[in-house]
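In: could you look at this predicted model? Sequence included:
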Amino acid sequence: MTTADIAAGPPPRTRRERPTLTAVITWVAAGCFVAVILGVLASVVVQSFATTWRGGWWPAGLTATWYGRAWSSTGMSQALANTAQAGVAVVVIALLAGVPAGYLLARRAFPGRSVVMLLMLLPIILPPMTYAVQLAALMYRVGLGGSMTAVVLVNLVPTLPLVVLIMVPFVEQISPEVENAARVFGANNLRLFSRVLVPLLLPGMLAAGILVLVRTLGAFELTFFVSAADTQTLVVALFGAISDPGGVPGPLTAAMAVTYMLVAVLGLAVSLRFVTPSQAIRQRHR
Amino acid sequence: MTLTAEPGTPATTAPPRPPQPLRHRLAERGVDWTLLLILPAVLIIGALFVYPFLYGLSISFQPLEGGDPLANYTDFFGDPYLRDSIWKTLRLAVPVAVLSVAAAAPLAFRMRRDFPGRRIVTLVVLLPLTFGSVLIAQGMTQVFSPTGWTNLLLTSLGVPQQQFIYNYTGTFIATTLVSIPFAFVMLMGFFGGIDRSIEDAAATLGASRAARFWRIIMPLAVPGLITAFTLCLVEAFAVFPSAILVGQPDNATHVLTLPIYQAASQRSDYPAAAAIAVVMTVLELVILGVLMLLRNRLYRGPATGGKG
């Protein structure tokens, strides 16, 4: 096939690539966005080292004592442990239940399929605040209120359908003929799954896993209503500190925020270490 | 329902064989044991979403004071302050979702090619999503304050000082900063799934850059764009912490989530909170219906090339 030969060779069109107007606009917009993000994050880091900072380019003096105070006063180690526990548990359960469901919804026609699809879409379309309160009330009624189990369970509600919703288009992009060919060559269900589907779906699964992890780390509303003081995650502890009318000093809150940022960046970096979407896609060209 | 006929059998043990003819007849309609793959997801959502939702619906008709079962709803719609929170939510969420997809799509599209610093850009763009709106709001109170970096920069350029936080703008910025990365991640997945060889084939056949974009990429990408827009709208509708922390929660950013929170957490009036949640749900179902109907009318199929 001629297109195959061309694709296998060095891409000829890179020579005539030149920056277009849309490219310039895109990069300027992206640059502004990145600058705002970095500015917002940098200000939190600077503030956490400030003796006091009421405005202006730079705080009056620098100190590192806020971290010690944050660690000892707000039960942050407990919040750290809770966050890690909830994040891992939610990702594992959501992927285990969500990937097979997404595969079936993309591939198969069966009675009740549209009902299941709707069931998976609703928790995503509906903002967490619409069911967080009722879910929390229910958790307290069945005696799970304030427990780690409840924190994991409530976070599954938006994340599991997210996995399904991401997997469906990924599965749709894989031609069914690939699976048929594997069947013809004698692959059973297990081999079809482990040797054909998992490698092809890996980009989607990793993307879904990252989204679930970051959503669980950053999930505020659901955890906020269901967690107790000893089961709250970092982000809930942070909100408590920011909105505390007693007036937690700004730098102390910032020190907590920086700790939370470090945890989140660590989670993101670990995830990205295993997922390079471009690589996964390039594999298919080989 | 076929699913309710099967849950008694664990997926791991060998299923007892029903009479062959019935099995074949069911298989013709798409019912066989592989359907059990979907059961865990359905059970989790059923127990943790559908049931609490029905529970909330039923208590919304049982006001704390008793009496008229519709009291919670008439209270909400009879109070112009509460009623207007619907418009305040829409006025915030729709522009945020449009801007997010419009800003994220071109960048996500460029991400299909490798370039120096690609991973750094990806990482930075993903940061707000990882940190969430609470942390963004924390940083914004410093950067966008009247004497913060943004205003210092603007005044040094000769632009008068602006009020960026504790108003509509503050919540808008905070929500958009989190929403753009959300759209970006999804769109990167969708665009990445479009095989480059399709575009290459079109180029080989003489299609110009514009033709390749409008005739090849866009039709394949539109379902992804619609899905991304829908999910961004969800996120923006869920705006809650940033409406309090950098918004004007009693006026300009009195969004639908605030009366829910106030009823539940401050007055412990779960029935009233549930009633407002039901109102919110109905609005969302309308949006969901329209957008998903639109998506299902579009092309769906393999976007990979002939080589597989």
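Out: Yep, it's here.

In: contacts only, for the residue most central in space within chain B.
Out: Geometric centre of chain B, nearest residue: B:Leu231, 2.3 Å, by C-alpha atoms, centre = their mean. Residues near B:Leu231 by C-beta atoms under 8 Å, 6 or more residues apart in numbering or on different chains: A:Ile124, A:Leu165, B:Phe182, B:Ala183, B:Met186. No exception for glycine: its C-beta is placed from N, CA and C like everyone else's.

In: do the same with A:Ala64
Out: A:Ala64 touches A:Phe49, counting by C-beta under 8 Å, 6+ apart.

In: then B:Gly224?
Out: With C-beta under 8 Å, 6+ apart, B:Gly224 has these contacts: A:Pro169, B:Met186, B:Leu187, B:Gly189, B:Phe190, B:Phe191.

In: state whether it is indeed within a helix.
Out: Yes: judged by DSSP: H, G, I helix; E, B strand; the rest coil, B:Gly224 forms part of a helix.

In: pLDDT score assigned to residue 137?
Out: Answering for chain A, as no chain was given. A:Ala137 carries a pLDDT score of 83 in this model.

In: um, chain B though
Out: 88.

In: ditto for the one 4 residues further on
Out: pLDDT, the model's per-residue confidence, is 86 for B:Thr141.

In: what of B:Tyr55?
Out: Predicted confidence (pLDDT) for B:Tyr55: 90.

In: does it touch A:Leu138 like I think?
Out: Yes: using C-beta atoms under 8 Å, B:Tyr55 is in contact with A:Leu138, at 5.8 Å.

In: hang on, the earlier thing: which ones among the contacts of B:Leu231 lie within helices?
Out: Secondary structure from DSSP state H places A:Ile124, A:Leu165, B:Phe182, B:Ala183, B:Met186 of the contacts of B:Leu231 in helices.

In: so the third one sits against B:Ser100, correct?
Out: Yes: counting by C-beta under 8 Å, B:Phe182 sits close enough to B:Ser100 to count as a contact (7.0 Å).

In: these two: which is more packed in?
Out: B:Ser100 (28 against 25; other C-beta atoms under 10 Å in any protein chain shown).

In: counting contacts, what elements does the host helix or strand of the more buried one pack onto?
Out: For B:Ser100, the host element (DSSP states H and E) is helix B:85-110. If you count contacts as 3 or more C-beta pairs under 8 Å, 6 or more residues apart in numbering or on different chains; DSSP states H and E, helix B:85-110 packs onto helix A:21-48, helix B:168-192, helix B:218-237, helix B:257-261.

In: tell me if the shortest one is near chain A.
Out: Yes: for a cut-off given as C-beta under 8 Å from any C-beta of the partner chain, helix B:257-261 has contacts with chain A, namely B:Thr257, B:Ile260, B:Tyr261.

In: one more: the second one?
Out: Yes: on the criterion C-beta under 8 Å from any C-beta, helix B:168-192 is in touch with chain A at B:Leu177, B:Ile180, B:Val185, B:Met186, B:Met188, B:Gly189, B:Phe190, B:Gly192.

In: show me the contacts for the fifth one.
Out: Think B:Met188. A:Ala207, A:Pro277, B:Ala108, B:Met111, B:Thr122.

In: now the helices for the stretch 1-150 of chain A?
Out: A:2-8, A:21-48, A:65-73, A:76-107, A:113-125, A:128-141, A:148-173 (DSSP state H, counting those that start in this stretch).
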